[in-house]
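> Task: produce atomic coordinates for the following.
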Amino acid sequence: MEAVIRTWTLAELGQRLGAEVSGSADLRIIRPVPAGDDDPGGITFAESDKYLAMVESSTVGAVIVPPGWALSKPALFHPHPREAFAMVLALFRRPLALSEGPSPQAAIDPSAEVDPSASIGPMAYIGPRARIGAKSRIHPHAYIGEGCQIGADCEIYPHVVLLQDVVVGDRVVVHAGAVVGADGFGFVWDGQRRVKVPQVGRVILEDDVEVGANTCIDRATCGDTVIRRGSKLDNLIQIAHNCEVGEHTVIAALTGVSGSVRIGDRVTMGGQVAVADHVSIASDAILAGRTGVMGSIETQGEYFGTPATPAREALRLLALQRKLPELLARIKALEEELARRDD
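Presented below is the predicted three-dimensional model:
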């Protein structure tokens, strides 16, 4: 890993991005910044007149804009400025430092299998019969429990817990503080007290899944809790036991999914969505933030509200709710008028 932070000239960035350079080609770019920041060493992007005005009124060093735009600052012309800016972000990304190979301060069970190209940080724990694949990086203080399997090119950040029998595919990222494979929430009432139902299943994270910081994915009571390939989970999400999340689904922060839920492919779930147990959500559904799913959603579309309602209908209902005080006053006035006529 480089000892110093890499910087780029505008010309170098243009070559990397396949963008046309306008202005000072030798301008040294130190960091990407949001539009409107006063940073002569920064670069940002603009896709609308609003953001271009913010850029022009700031001291930012350079900007990525669509071809043909007129501006006073050094620029990179690219047909897709947002995508180009994402490429810039990748160039400036600094991976967390982690030495190659296993640290002498890591605790690795003799029965564990660790690929020679994998990195295991100080104070990480690799349990009995665990397997770590090629070029995967296990950061300090991570806990990889008994029987866990991690594929190739994975990133397991500090303080992640993979408790037991968690199966992780290739190129999976699990961010700091996430807990995967803790017991599902299972109890029965025996007439006097709640008795715990043993949780003996697994969690499977398929290829290219990303799990956000402090997210929890519970092990199945029996069978598997599964997050299918390409799905992305934000921070502070709860996925309960025996759930299945389909391929390429995205779930935003503070969402809670109850047990035995089936979520389809390419579903989009906003923040603070709540899903009742044993329901299913159709592929390609979009759930707005704070939607409450009380029953199954069987067709794709946009949904909002509690219970989840097709978004256009939900917005009409919301507009009507705001008129309720006025409608109530009118009804009361009409009742009083009718009462006077009866008299």
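> isn't Glu206 right up against Asp224?
No. The criterion here is Cβ atoms under 8 Å, and Glu206 misses it with Asp224 at 10.9 Å. (C-beta placed from N, C-alpha, C; glycine too.)
> Looking at the two, which has the bigger crowd around it?
Between Glu206 and Asp224, counting by other Cβ atoms under 10 Å, Glu206 is the more crowded of the two (19 against 16).
> Next up, phi/psi of the residue lying closest to the more buried one once chain neighbours are set aside, please.
Once flanking residues are discounted, Glu206 sits nearest to Arg229: 4.0 Å by Cβ to Cβ, 6 or more residues apart in numbering. The phi/psi pair for Arg229 (degrees, to the nearest 10) reads phi -60, psi 140.
> Can you tell me how far Arg229 is from Arg219?
Using Cβ to Cβ, to the nearest Å, Arg229 is found at 20 Å from Arg219.
> And for Val161?
To Arg219, Val161 is 12 Å away according to Cβ to Cβ.
> Overlap in contacts, those two.
Listed as contacting both Val161 and Arg219 by Cβ atoms under 8 Å, 6 or more residues apart in numbering are Gly181, Ala182.
> Neighbour count: these two, which is higher?
Arg219 (24 against 21).
> Phi and psi next, for the closest residue to that one other than its chain neighbours.
Computed as Cβ to Cβ, 6+ apart, the closest residue to Arg219 that is not its neighbour in sequence is Gly181, at 4.7 Å. As for Gly181, its main-chain torsions (degrees, to the nearest 10) stand at phi 100, psi 10.
> ok, Gly181 - how many residues close by?
Gly181, neighbours per other Cβ under 10 Å, totals 25.
> How about the contacts made by it?
Gly181 sits next to 145, 148, 161-166, 202-203, 217-219 when contact means Cβ under 8 Å, 6+ apart.
> Can I get the residues you listed in TSV including secondary structure and distance to Gly256?
Converted to TSV, the contacts of Gly181 look like this (DSSP: H, G, I helix; E, B strand; the rest coil; distance: Cβ to Cβ, whole Å):
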residue	secondary structure	distance to Gly256
Gly145	coil	24
Cys148	coil	25
Val161	strand	19
Leu162	strand	21
Leu163	coil	20
Gln164	coil	23
Asp165	coil	24
Val166	strand	21
Arg202	strand	21
Val203	strand	17
Ile217	strand	12
Asp218	strand	12
Arg219	coil	17
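> if we can go back for a sec, so the residue nearest to Glu206 touches Glu247, yeah?
Yes. Under the criterion of Cβ under 8 Å, Arg229 makes contact with Glu247 at 5.3 Å.
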